[in-house]
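S.K.: sharing a model that was predicted from the sequence below.
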Amino acid sequence: MTLTSALLQILTGLASASTLFLVASGLSLIFGVTRIVNFAHGSFYMIGLYAAVALAAAFGAGPSGFWGSVLLAALAVAALGAAIEMLVLRRLYAAPELYQLLATFALVLVIRDAALWAWGAEDILGPRAPGMKGAVSVFGLPFPSYDVFLIFVGPAVLGLLWLLLTRTRWGLLVRAATQDREMVGALGVNQRWLFTSVFALGTFLAALGGALQMPHEPANLNLDLALIGEVFVVVVVGGMGSIVGAFVAAVLIAMVKAVCIAAGSIDVFGASFPLSKLTLVAEFLVMAFVLVRRPWGLFGKPQAVVRGLGPAEAPLRPLPAVWRRAGWAVLVALVFVAALNAPAPYVVVLMIDMLIAVLFAASLHFLMGPSGMHSFGHAAYFGLGAYGAALFFKALGWPMEASLLLAPLLAAAGAFVFGWFCVRLSGVYLAMLTLAFAQIVWSVVFQWDALTGGSNGLVGIWPSAWLAPKPAYYLLTLAFTVAGCGLLVRMLHAPFGLALRASRDSPLRAAAIGIRVPRLQWIAFVVAGTIAGLAGSLFAFAKGTISPETLGVGKSVDGLVMVLLGGVQAVSGPWVGGALFTWLQDTVARQTDYWRALLGIVMLALVLVFPLGVAGGLKRLFIREQGGATR
């Protein structure tokens, strides 16, 4: 590639960096003040683009119609964001941040189906920007005029935000709330309206970034989750709450991608490796490097990574005898149904899916609850187990039984390597590093066509003849699920679990009495990854086929939802959450095309009624009743 072509690629990267900065600056503002990790931020970007295209079709493609549509779309989405903050999120500020995350993911489902109902499933093209339909010459090569405009949008917005935050009273309050929002409330500032205004501004910036993409890409329903991961990367690399950091990170990531495309290929041990393949994962490589070297981001603050700032949780105790008897009764009933080969075979298939979900959720709960380590990339170990089973079975020709049992070791190896880095971080930074490693694994699987089948995945992964009947495979899955969950529960009530919870609640005191906190959490990371790999191995032989989606972001989000639905502070939380989520997803999906919205509404209702999760809420109710009876 020539120097001129490389320069054009860099300019294209700067144009995309401006849009990325618009969205990331809004997310950074919202997190800095409200402390909400807003998963729905990408949805506001998507709705901004949809609204701008619809308004441009109504107003016409002239200058006033195009630019008026961009501005009105951003303002309308800002009003929507303010309404969501007042009606939903305002009720959850006192809840743990993970339940706020669950609520924002529920909003993603609702907003996506609202867009499906309003505009349909097909992509919608927007008009070209009037007066910018041509190109300018850069060293003799054409470069789109609209991209030149976008390059200057980012710095202009950065300047306006700087003036707003440093030269106005509102900006002073925002900066003060970012540092100590409790003190701002103690001084008599109306925090509710401050939070609402910040949320509205953040959604305005996200929608503006989407609306400005009208000439570049069609509006479609996949933009929300496709963008949010990249935006999270920018915010974390720059430092949570830092606008300047978001700008620098957006430019840095755009430049890294541009260099990967412009450089072509390099020789590695005598083999040619195309750097363009790294564009799928370049931002996550940058984030992993930055977080390992500087855990709080480029412009973040070191105290953001301190562990043990939350209140200590009550000790975990075994379930009461009546609950244990009820659990065994349900288990016997399930075995009985499978043994009779239920009249509807689909019921057995659904129960297999529920058991695999329970095992996967239990492994994630082991990290999030007792260990206090939040993971956004736990699907990596589920996927490694699934692909390990498939490759051992197909590529190496091993028996199904050996493949099923040895595949979790591949997940354990991945957790062993990644966990060494992850246990040195905490909070959002830890969660984002797990996401980075998961995306790196996904990129390898997606692009290694010769081994993994690439985007097509692998097929023909079937169990042995004696396990071919679904009831037989169900009994096998039930046995592994009971064994895996039983092992995790046993570890939680053993001295290892006590030390693990001590490390979570008070790491400094735990270290002072001789507990090696990082090593303990590293072991927990490997244990959780191994159990997730077992769930993935069972999944591969249950479905007969796997694809890169097995270890994608969506699967990790599903695991988070399962754990949070059930409750992080209850041992039975992941069991309830995994079964409930799988049943809801299956039941609602068969009733309507808008099953995501209904599922999201159910999740929001559960979060508002049971802020500690279903099992957590029932546990608290039981404790209250026991306390009342004692008194």
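M.R.: Received it, and whenever you're ready, just let me know what you need. Here the structure is a predicted model, which is why all the values come from computation and not from measurement.
S.K.: quick one: the strands in this protein?
M.R.: Using DSSP state E, the strands of the chain run over 135-138, 141-144, 265-268, 271-274, 458-459, 545-546.
S.K.: please state the offset of the fifth one from the chain centre?
M.R.: Mean-position distance between strand 458-459 and its chain equals 26 Å (C-alpha atoms, centre = their mean, to the nearest Å).
S.K.: ok, stretch 381-393 next?
M.R.: The answer for stretch 381-393 is 22 Å, by C-alpha atoms, centre = their mean.
S.K.: report the backbone C-alpha coordinates of it in PDB.
M.R.: C-alpha atoms of stretch 381-393 as PDB (Å, rounded to 0.1, in the frame of the first residue of the first chain):
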ATOM      1  CA  TYR A 381     -15.000 -20.600  28.600                       C
ATOM      2  CA  PHE A 382     -18.400 -22.000  27.600                       C
ATOM      3  CA  GLY A 383     -17.300 -21.700  24.000                       C
ATOM      4  CA  LEU A 384     -13.900 -23.200  24.600                       C
ATOM      5  CA  GLY A 385     -15.600 -26.200  26.200                       C
ATOM      6  CA  ALA A 386     -18.000 -26.500  23.300                       C
ATOM      7  CA  TYR A 387     -15.300 -26.200  20.600                       C
ATOM      8  CA  GLY A 388     -12.900 -28.400  22.600                       C
ATOM      9  CA  ALA A 389     -15.500 -31.200  22.600                       C
ATOM     10  CA  ALA A 390     -16.300 -30.700  18.900                       C
ATOM     11  CA  LEU A 391     -12.600 -30.700  17.800                       C
ATOM     12  CA  PHE A 392     -11.600 -33.600  20.000                       C
ATOM     13  CA  PHE A 393     -14.600 -35.500  18.500                       C
END
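S.K.: averaged pLDDT, that stretch. What do you get?
M.R.: Stretch 381-393 shows a mean pLDDT of 94.
S.K.: repeat that for stretch 357-366.
M.R.: For stretch 357-366, the mean per-residue pLDDT is 94.
S.K.: ok, stretch 401-415 next?
M.R.: Here stretch 401-415 scores 94 as its mean pLDDT.
S.K.: list of residues touching that stretch?
M.R.: Contact partners of stretch 401-415, identified using C-beta atoms under 8 Å, 6 or more residues apart in numbering, comprise 380-382, 384-390, 392-393, 398, 441, 464, 525-526, 528-534, 536-538, 540-541. (Glycine included, C-beta is placed from N, CA and C.)
S.K.: mark which of those residues are buried, thanks.
M.R.: 380-382, 384-390, 392-393, 398, 441, 525-526, 528-534, 536-538, 540-541 (16 or more other C-beta atoms under 10 Å).
S.K.: of those, which belong to helices?
M.R.: 380-382, 384-390, 392-393, 441, 525-526, 528-534, 536-538, 540-541 (DSSP state H).
S.K.: where in the stretch 251-400 of the chain is pLDDT low?
M.R.: Counting by pLDDT under 70, the stretch 251-400 of the chain contains low-confidence ranges at 262-277, 302-344.
S.K.: switch the cut-off to 80
M.R.: 258-282, 300-347 (pLDDT under 80).
S.K.: straight-line length of stretch 233-246, end to end?
M.R.: Its start and end residues considered, stretch 233-246 measures 9 Å (C-alpha to C-alpha, to the nearest Å).
S.K.: any chance you could list what contacts it?
M.R.: 20-21, 24-25, 27-29, 31-32, 158, 161-162, 165, 178, 247-250, 252-253, 283-284, 286-287, 290-291, 296-301, 304, 428-429, 432, 436.
S.K.: what subset of those residues is buried?
M.R.: Buried among those by 16+ other C-beta under 10 Å: 20-21, 24-25, 27-29, 31-32, 158, 161, 165, 178, 247-250, 252-253, 283-284, 286-287, 290-291, 296-300, 304, 428-429, 432, 436.
S.K.: next, count neighbours for the residue nearest to residue 280 when sequence neighbours are not counted.
M.R.: Of all residues not flanking residue 280 in the chain, residue 443 sits nearest, at 4.8 Å (C-beta to C-beta, 6 or more residues apart in numbering). Residues within reach of residue 443, counting by other C-beta atoms under 10 Å, total 19.
S.K.: who touches residue 443 in this structure?
M.R.: In this structure, residue 443 makes contact with 277-278, 280-281, 284, judged by C-beta under 8 Å, 6+ apart.
S.K.: switch to 10 Å and redo it
M.R.: 277-282, 284-285, 548 (C-beta atoms under 10 Å, 6 or more residues apart in numbering).
S.K.: give me the neighbour count for residue 565.
M.R.: The burial count for residue 565: 28, using other C-beta under 10 Å.
S.K.: so it touches residue 604, yeah?
M.R.: No: contact criterion C-beta atoms under 10 Å: residue 565 and residue 604 do not qualify, at 11.3 Å.
S.K.: relative to residue 235, how far out is the closest residue to residue 564 other than its chain neighbours?
M.R.: Excluding its sequence neighbours, the residue lying closest to residue 564 (C-beta to C-beta, 6+ apart) is residue 102, at 4.2 Å. Residue 102 sits 19 Å away from residue 235, going by C-beta to C-beta, to the nearest Å.
S.K.: more crowded one of the two?
M.R.: residue 235 (32 against 26).
S.K.: if we can go back for a sec, just the contacts of stretch 233-246: which are in helices?
M.R.: Applying DSSP H to those, the entries found in helices are 20-21, 24-25, 27-29, 31-32, 158, 161-162, 165, 178, 247-250, 252-253, 283-284, 286-287, 290-291, 428-429, 432, 436.
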